[in-house]
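Novice: requesting a structural model of the entry that follows:
(one chain, ligands or ions: 1)
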Amino acid sequence: MIAALSRFIFLVCLASAAAFIALYNWGPEWAIFSGISVLSMPLVYSYVNLARLRRYVQSDTVENMPLPSGFWEEVFFRLQRLVKSLKQRMRNIEQQHENFIEAFQASPNGIVMLDENDQIEWCNSISERFFGLNYKRDVMQRINFLIRRPEFIQYLTRRSFDEPLLLERMGTDGSLSLMLQAFPFGNQRHLLLVQNVTDLQKADAMRRDFVANVSHEMRTPITVLMGFLETVQALDLEKSQRDQYFEMMMSQAQRMKSLVEDLLTLANLEANSLPAATNKLNAETLISLLRNDAEALSQGKHSFNFEVASSENLLGDEREILSAFSNLVSNAIRYTPDAGSIHVKWSVNQDGQGEFSVTDTGPGIASEHLSRLTERFYRVDRSRSRDTGGTGLGLAIVKHIASRHQAQLMIESTPGKGSTFTLRFPKERLTA
Ligand code: ADP
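Specialist: Residues are numbered from 1 along each chain as shown. Model prediction:
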């Protein structure tokens, strides 16, 4: 205030001095002119500075404007500081906004923001894929015009979002199962979160099938066993007849035992996430163990050829490898009719991979079954499998063991001629 007053007094003194000098030299008109000119100097100074400010404001570069000296210096300095801090705040807000968008885009879940009229304000690319949306095209469109599933429209209309909604057969090829839930936020707006639950649904269906299959497999021998028990209990049988019944009961009990054992083997394999051991397994020893078991199982009904064509040994878990190999050999024996022949071979192929193969002259398998043989409880001929003590789990176990050893199970078969089951091990699993 004092500075402004002293500046004003100084200006008045200067104008008076100029007026006096002019009056003395050129007369009264010049005195008035000189006085007014000096007094109007601050106006000119302000005008020039304001004109410069206008230019910088128009080009949105106020913060780059050189500061004038004098009265306007402080005003412009403060203005520049304000503009700089506002711009910085805007940049920070934009950065935050971008971070949010990036985070939402990185989410594996679909995210859709709806306004109070259920119009799409924003959606991430996953939700575009889930629902066939296109953000640029569909922004501010009502979502119920774009997702036409009746259960979804009902869900939106009901306005009760405590429970999620399951949408099946979604996606362009109808292969997706989506779990969707709306969460209210802000002023009557909603956030739709969409999770892809296709794998969970599949696993759930597989679990249900598995339980149903196991129950079914167990129920048959239990029912038969109970029938025999009731008969033995109710009838006064002769010893030879009773022995016959006991034998049949034993075979049903044996069937249940095999099933439980195979289930446990499978469960253990699935639970064991550690990589398969790398013990050195001698091929000759493995083959001779298989030969003993095979001859006992066949009881002279088949002719065998056991061949060790390579001296390379296998690196693996002995119990698992023996289980996989003997499953293949026992299948060949069980499915090949009497007098058929079975060839079991260990060799190394041209690419240096180890191959264990079992070839039989059995009934063979039609090509449409081949890809499904390793599914649990999948059988081509159910009664043949049961009659020979099969559980329907053997090849599922083989496949598990193979993948734990990075091996591949290959099946070649010609109906009426026979089959070859081959386990191919990578080079890294072989040793001298
Ligand atoms: P199973 O206990 O029924 O033998 P697997 O999983 O071992 O179960 O085999 C699945 C199905 O594959 C069998 O039910 C059978 O139909 C078929 N199969 C397996 N090995 C042979 C083979 N060597 N010859 C013909 N069919 C076979």
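
Novice: tell me which parts of this structure are close to the ligand?
Specialist: Listed as neighbours of the ligand in the chain under the rule Cβ under 6 Å from any ligand atom: 331-332, 335, 360, 362-363, 365, 373, 378-381, 385, 390-396, 419. For every residue, glycine as well, the C-beta is placed using N, CA and C.

Novice: just the ones in helices from the residues you listed, please.
Specialist: 331-332, 335, 385, 394-396 (DSSP state H).

Novice: low pLDDT regions in the stretch 1-150 of the chain?
Specialist: 1 (pLDDT under 70).

Novice: in it, which residue sits nearest the ligand?
Specialist: residue 108 (35.6 Å; Cβ to the nearest ligand atom).

Novice: quick one, what contacts that residue?
Specialist: 126, 196 (Cβ atoms under 8 Å, 6 or more residues apart in numbering).

Novice: could you redo the last one with a cut-off of 7 Å?
Specialist: residue 126 (Cβ atoms under 7 Å, 6 or more residues apart in numbering).

Novice: where does it sit: helix, strand or coil?
Specialist: Secondary structure state of residue 108, per DSSP: H, G, I helix; E, B strand; the rest coil, is coil.

Novice: and what of residue 195?
Specialist: strand.

Novice: what strand or helix carries the closest residue to it other than its chain neighbours?
Specialist: Leaving aside its sequence neighbours, residue 195 sits nearest to residue 179 (Cβ to Cβ, 6 or more residues apart in numbering; 4.6 Å). According to DSSP states H and E, residue 179 maps onto strand 176-185.

Novice: roughly how far out does the strand or helix carrying residue 105 sit from the chain middle?
Specialist: Assigned by DSSP H and E, residue 105 belongs to helix 71-106. Relative to its parent chain, helix 71-106 has a centroid offset of 39 Å by Cα atoms, centre = their mean, to the nearest Å.

Novice: enumerate every residue touching residue 308.
Specialist: Counting by Cβ under 7 Å, 6+ apart, residue 308 has contacts 283-284, 287, 346.

Novice: quick one: it from residue 318, how far?
Specialist: Residue 308 sits at a distance of 17 Å from residue 318 (criterion: Cβ to Cβ, to the nearest Å).

Novice: likewise for residue 284?
Specialist: Residue 284 is 14 Å from residue 318, by Cβ to Cβ.

Novice: quick check: phi and psi at residue 426.
Specialist: Dihedral pair for residue 426: phi -70, psi 160, per degrees, to the nearest 10.

Novice: an error on my part: the question was meant for residue 300.
Specialist: Residue torsions, per degrees, to the nearest 10, at residue 300 are phi 80, psi 10.

Novice: in TSV, list the ones in helices among the residues of the chain next to the ligand along with pLDDT and neighbour count.
Specialist: Listed next are those as TSV, based on pLDDT from 0 to 100; neighbours: other Cβ atoms under 10 Å:
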residue	pLDDT	neighbour count
331	95	22
332	96	28
335	93	21
385	77	19
394	94	23
395	96	24
396	95	21
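
Novice: can you classify residue 285 by secondary structure?
Specialist: Following three-state DSSP, the label given to residue 285 is helix.

Novice: now do the same for it: its pLDDT.
Specialist: Predicted confidence (pLDDT) at residue 285: the value is 94.

Novice: can you get me a residue count around it?
Specialist: 13 (other Cβ atoms under 10 Å).

Novice: pLDDT score assigned to the closest residue to residue 417 other than its chain neighbours?
Specialist: Excluding its sequence neighbours, the residue lying closest to residue 417 (Cβ to Cβ, 6+ apart) is residue 364, at 5.4 Å. Confidence at residue 364, expressed as pLDDT, is 94.

Novice: before we move on, what about residue 156?
Specialist: 92.

Novice: and it, its phi and psi?
Specialist: Residue torsions, per degrees, to the nearest 10, at residue 156 are phi -70, psi -40.

Novice: in contact with it, which residues?
Specialist: 118, 144.

Novice: distance of it relative to residue 118?
Specialist: Distance from residue 156 to residue 118, by Cβ to Cβ: 6 Å.

Novice: for the residue of the stretch 101-250 of the chain found nearest the ligand, helix, strand, or coil?
Specialist: Using Cβ to the nearest ligand atom, residue 217 is the residue of the stretch 101-250 of the chain that sits closest to the ligand, at 10.3 Å. Three-state assignment for residue 217 (three-state DSSP): helix.

Novice: now the residue lying closest to it once chain neighbours are set aside: which helix or strand?
Specialist: The spatially closest residue to residue 217, leaving aside those adjacent along the chain, is residue 259, at 5.6 Å (Cβ to Cβ, 6+ apart). In the assignment (DSSP H and E), residue 259 maps to helix 239-271.

Novice: for the helix holding residue 105, packing partners?
Specialist: Using 3 or more Cβ pairs under 7 Å, 6 or more residues apart in numbering; DSSP states H and E as the contact criterion, the elements in contact with helix 71-106 are helix 41-58.

Novice: ok, the nearest residue to residue 374 once chain neighbours are set aside to residue 279 distance?
Specialist: Distances taken as Cβ to Cβ, 6+ apart put residue 399 closest to residue 374, at 4.1 Å, once the chain neighbours are dropped. Distance, residue 399 to residue 279, by Cβ to Cβ: 21 Å.

Novice: between those two, tell me which one has more neighbours.
Specialist: residue 399 (20 against 13).

Novice: for the residue nearest to residue 195, the count of nearby residues, please.
Specialist: 16.

Novice: all strands for the stretch 251-400 of the chain, in order.
Specialist: 279-281, 303-308, 313-316, 341-348, 354-360 (DSSP state E, counting those that start in this stretch).
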